[in-house]
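Enquirer: Just to be clear, the model below is a prediction. Sequence and coordinates:
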Amino acid sequence: MSKKAEYLAQKQLDAYNLQDIETFLDCYSTDVTVMEFPSNKVIYQGLDAMRERYTRMFEENPNNHAELLNRMAKGNVAIDHEHVTGRANGKEVYAVAMYEVSDEKIKKVWFVV
């Protein structure tokens with residue numbers, strides 16, 4: 001299963017960098033839950049909320065790019081460490097995201113805060 005988690009983590013990252021919203025969303029389950037780690041506070045839930053959020057982000061940050069620094073996977077979970085640049089506000093961000101796969105889609109996402 002870790003191969004599927006790695007595959008989906010890479011597919012959504014590639015689509016993110018191309019700002020290809022349809023391919024990006026295709027990686028996620030319709031009821032995806034995005035949370036903060038370690039609190040598990042829900043940031044948003046569902047594909048419609050994700051579409052709205054990322055469509056706006058892509059429009060506002062046309063040069064946004066996430067470079068994968070490291071990935072590890074075990075079972076149905078992939079964890080990415082990324083360096084995000086090209087944001088409209090000029091700020092660079094180092095991000096850690098965890099993706100849990102279920103039924104061939106990313107079902108849960110945690111961003112380490």
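Expert: Structure's in. What do you need?

Enquirer: CA only for contacts and neighbour counts going forward, please
Expert: Will do.

Enquirer: Name the residues of the helix ranked longest in the chain that are buried.
Expert: Using DSSP state H, we find that the single longest helix of the chain is helix 2-18. Across helix 2-18, burial judged by 16 or more other C-alpha atoms under 10 Å covers 2, 4-6, 8-10, 12-18.

Enquirer: Beyond that helix, next helix or strand please.
Expert: Using DSSP states H and E, the helix or strand that follows helix 2-18 towards the C-terminus is helix 21-26.

Enquirer: now the strands: where do they sit in this protein?
Expert: With DSSP state E as the criterion, the chain has strands at 28-37, 42-45, 65-74, 77-85, 93-102, 105-112.

Enquirer: and those as a markdown table, adding distance to Glu59, mean neighbour count and mean pLDDT?
Expert: Below are the strands of the chain laid out as a markdown table (distance: least, C-alpha to C-alpha, whole Å; neighbours: other C-alpha atoms under 10 Å; pLDDT from 0 to 100):
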| stretch | distance to Glu59 | mean neighbour count | mean pLDDT |
| --- | --- | --- | --- |
| strand 28-37 | 20 | 19 | 98 |
| strand 42-45 | 19 | 14 | 98 |
| strand 65-74 | 13 | 15 | 98 |
| strand 77-85 | 15 | 20 | 98 |
| strand 93-102 | 18 | 19 | 97 |
| strand 105-112 | 22 | 21 | 98 |
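
Enquirer: Just put these in CSV and tack on distance to Glu52.
Expert: Shown next, in CSV, are the strands of the chain (distance: least, C-alpha to C-alpha, whole Å):
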stretch, distance to Glu52
strand 28-37, 13
strand 42-45, 11
strand 65-74, 19
strand 77-85, 20
strand 93-102, 20
strand 105-112, 17
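
Enquirer: can you tell which of the ones you listed is closest to Arg53?
Expert: Across those, Arg53 has its closest neighbour in strand 42-45 (9.3 Å, C-alpha to C-alpha).

Enquirer: on that earlier part again, list just the nearest of the buried residues of helix 2-18 to Val112.
Expert: Ala9 (15.8 Å).
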